[in-house]
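**Student:** Here is my input, please return the structure:
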Amino acid sequence: FYLSEEPLLENVPTYRGDKPADRAYMLEHLDSLVVKAVNESGGYGMLVGPHASATERASFAEKIRANPRNFIAQPTLALSRHPTFVEGHFEGRHIDFRPYILQGRDITIIPGGLTRVALRRGSLVVNSSQGGGSKDTWVLDE
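**Tutor:** I've put the predicted structure just below:
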């Protein structure tokens, strides 16, 4: 976006509230999308459509109509699950992985990274400010 270039890697389809066609799609499919406020961080200002009530979706629709530039939406992804030690026993929790990539004269992909975990049962939100946690992830062999 900032370089006015097309991305080299595929990304999750993203609908922008400031584009009329995207906004119409967002409003028609709130029950299947994750809607995020672009000026928030840490999982704040977010709606997970499939887990939201009709009242919550209606409230978000009004927010989108009032300030479309402030919202994007993406399909709800099926995050991987991982056994996580919670309250004295293991339970499956949703996770996402953030690799470490160093860029300088060369690009180096570090063997490992950060796995973020949704510590609340059933949650897809992995942000630490929203009750998520993290796990170190190491690659021990090539």
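**Student:** Distance check, the residue of the chain positioned farthest from its centre against residue 52.
**Tutor:** Distance from the centre of the chain peaks at residue 105, with 30.6 Å (Cα atoms, centre = their mean). In this view, residue 105 and residue 52 are 47 Å apart by Cβ to Cβ, to the nearest Å. C-beta here means a position set from N, CA and C on the backbone, and glycine is covered the same way.
**Student:** again with residue 137
**Tutor:** Residue 137 is 30 Å from residue 52, by Cβ to Cβ.
**Student:** same check, this time on residue 18
**Tutor:** For residue 18 relative to residue 52 (Cβ to Cβ), the value is 22 Å.
**Student:** Which one's more surrounded, these two?
**Tutor:** Between residue 18 and residue 52, counted using other Cβ atoms under 10 Å, the more crowded position is residue 52 (18 against 13).
**Student:** Report the secondary structure state of the residue most central in space within the chain.
**Tutor:** Compute the mean C-alpha point of the chain, and by Cα atoms, centre = their mean the closest residue is residue 125, 7.1 Å away. Under DSSP: H, G, I helix; E, B strand; the rest coil, residue 125 falls in the coil class.
**Student:** so who does it touch?
**Tutor:** By Cβ atoms under 8 Å, 6 or more residues apart in numbering, the contact list for residue 125 reads 43, 46, 48, 118, 131, 132.
**Student:** For residue 4, what is the enclosing helix or strand?
**Tutor:** Using DSSP states H and E, residue 4 maps to neither a helix nor a strand.
**Student:** Offset the numbering so it begins at 334, please.
**Tutor:** Understood, numbering begins at 334; the last thing we discussed is residue 337.
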